[in-house]
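*Asks:* Fold the following.
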Amino acid sequence: MTPLRLFMLLNPAIGLVFATVFVVVWLNQRNRPYVLMMAGASASYALAVTAQIAIPAMPRIGLNTMTSAVLYQLALSLFVEAMLTRVGVVGNRRWLVGISAIILSLVAYFFYVDDSLSTRIYVQNLGAGAMLCFAALRLLAAPVWKPIDRVLFCVVLLTGLHFVPRTVMTMLVDMPAGMITPENFGRSLFYSVLSFALVILALLLCLTFLLAIALDIIDDLRGERNRDSLTPLLNRRGFTEEAERRLETRRGAPASVVFCDIDHFKAINDNHGHSVGDAVIREVGRLIGAESRREDCAARIGGEEFVILLPGLGLDAASGIAERLRGLIAGLSVEWFDGGSVTASFGVAEFGPGESLDEVMERADEKLYRAKRQGRDRVEG
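*Replies:* Coordinates of the predicted model:
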């Protein structure tokens with residue numbers, strides 16, 4: 001076996017190693033289906049390279065050509081679907097099936113009807129580049145971008161774009177030399193460069209995706225640490241960290257803080273029990289979370305006390321948000337105690353020049369207690 005063939009065997013080995021790694025990760029993270037998709041992509045890639053090496057080239061039968069082409073397309077499609085599923089971009093499968101069907105139809109045509117190895121090379125390589133560029137552009141539609149997503153976008157886009165110059169330049173060298181034939185293909189510059197490029201790209205894409213999964217797991221663990229146990233909101237520590245991070249990018253834009261406190265909560269606990277009190281907290285927290293915008297930051301910071309950071313909103317707009325929440329809380333359908341009703345008081349403060357988060361929260365808290373003193377179930381701003 002030639003050194004080039006031995007080097008080519010690195011590709012299925014890399015694919016199988018990563019397939020195993022992704023399966024092990026998925027067994028411990030079954031809530032992440034994209035990890036299993038990546039295992040399938042890695043295994044399909046390993047099988048595609050193995051088929052290309054091991055299956056003899058048979059004229060007019062095309063077992064080598066079509067088997068490896070199908071497996072390469074399956075690997076690419078699973079990778080793209082895994083990457084986009086991870087960031088919450090859905091509706092890609094019909095596009096992937098359509099693009100793959102076109103590529104495989106062209107490969108079959110230029111083998112069985114108009115046999116042309118050079119055309120098949122262009123179709124498969126430029127098709128792979130197009131699929132990866134499509135994936136990178138679809139990644140831009142992700143609802144939330146993390147730093148690792150920017151890295152993944154750059155890696156996938158550059159990988160997709162590289163297929164054009166690499167394929168064209170090596171083919172320009174090989175075709176005049178008569179190397180693009182079934183007999184000479186294994187000794188061509190294109191095949192040598194392809195073998196090396198596939199090793200590098202497989203490592204780069206799989207390692208980047210594995211890093212993204214690891215960071216997702218770390219983010220989830222951090223989120224559990226910063227998440228309130230009764231509501232879908234942050235706890236005090238989580239609120240402080242997230243609010244400070246969002247305020248760093250405010251750049252002079254208005255922002256406000258809203259404090260909310262459930263009225264007569266001690267009486268609810270005393271008269272109806274702590275389980276009912278917990279249910280009231282859960283309902284109010286659920287309502288606040290449902291009414292918050294994506295850019296807002298909401299938390300439960302004490303027994304029955306909540307806080308909301310409203311980036312981009314001044315005092316009047318924030319007071320309007322608080323008034324709407326007050327009305328919604330007063331209209332909650334409470335089934336846990338006879339004829340009971342839930343109300344809440346609100347304090348609203350806008351950031352002044354140079355004010356810190358703690359200073360604005362203190363002012364909002366003071367206004368909250370002013371609302372309590374003035375009869376409760378009201379907004380003070």
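
*Asks:* Now do residue 37 against residue 276, distance only.
*Replies:* Distance of residue 37 to residue 276, computed by Cβ to Cβ, to the nearest Å: 44 Å. Quick note: C-beta positions are derived from backbone N, CA and C, even for glycine.

*Asks:* Mind jotting down where the strands sit in this structure?
*Replies:* For the chain, the strands defined by DSSP state E cover 255-262, 297-300, 305-311, 344-350, 379-380.

*Asks:* what about stretch 243-252, start to end distance?
*Replies:* Start-to-end span of stretch 243-252 (Cα to Cα, to the nearest Å) is 15 Å.

*Asks:* before we move on, back to that, just put the strands of the chain in a markdown table and tack on mean neighbour count and mean pLDDT.
*Replies:* Output for these, formatted as a markdown table (neighbours: other Cβ atoms under 10 Å; pLDDT from 0 to 100):
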| stretch | mean neighbour count | mean pLDDT |
| --- | --- | --- |
| strand 255-262 | 24 | 95 |
| strand 297-300 | 26 | 94 |
| strand 305-311 | 24 | 95 |
| strand 344-350 | 26 | 95 |
| strand 379-380 | 22 | 92 |
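
*Asks:* and those strands as a markdown table, adding distance to residue 216?
*Replies:* Shown next, in a markdown table, are these (distance: least, Cβ to Cβ, whole Å):
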| stretch | distance to residue 216 |
| --- | --- |
| strand 255-262 | 29 |
| strand 297-300 | 21 |
| strand 305-311 | 24 |
| strand 344-350 | 35 |
| strand 379-380 | 39 |
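
*Asks:* Can you list the buried residues in the lengthiest helix in the chain?
*Replies:* In the chain, assigned by DSSP state H, the helix with the most residues is helix 189-225. Counting neighbours by 16 or more other Cβ atoms under 10 Å, one finds that the buried residues in helix 189-225 are 189-195, 197-199, 201-202, 205-206, 208-210, 212-213, 216.

*Asks:* what's the answer for stretch 156-175, then?
*Replies:* If you call a residue buried by 16+ other Cβ under 10 Å, then stretch 156-175 has these buried ones: 156-157, 159-160, 162-163, 166-167, 170-171, 174.

*Asks:* Looking at those, spot the one nearest residue 263.
*Replies:* residue 156 (52.6 Å; Cβ to Cβ).

*Asks:* ok so, going back, and the buried residues of stretch 156-175, which is the shakiest by pLDDT?
*Replies:* Lowest-confidence member of the buried residues of stretch 156-175: residue 174, scoring 62 (pLDDT).

*Asks:* returning to that earlier point: from the middle of its chain, how far away would the longest helix of the chain be?
*Replies:* With Cα atoms, centre = their mean, to the nearest Å as the basis, helix 189-225 stands 14 Å off its chain's centre.
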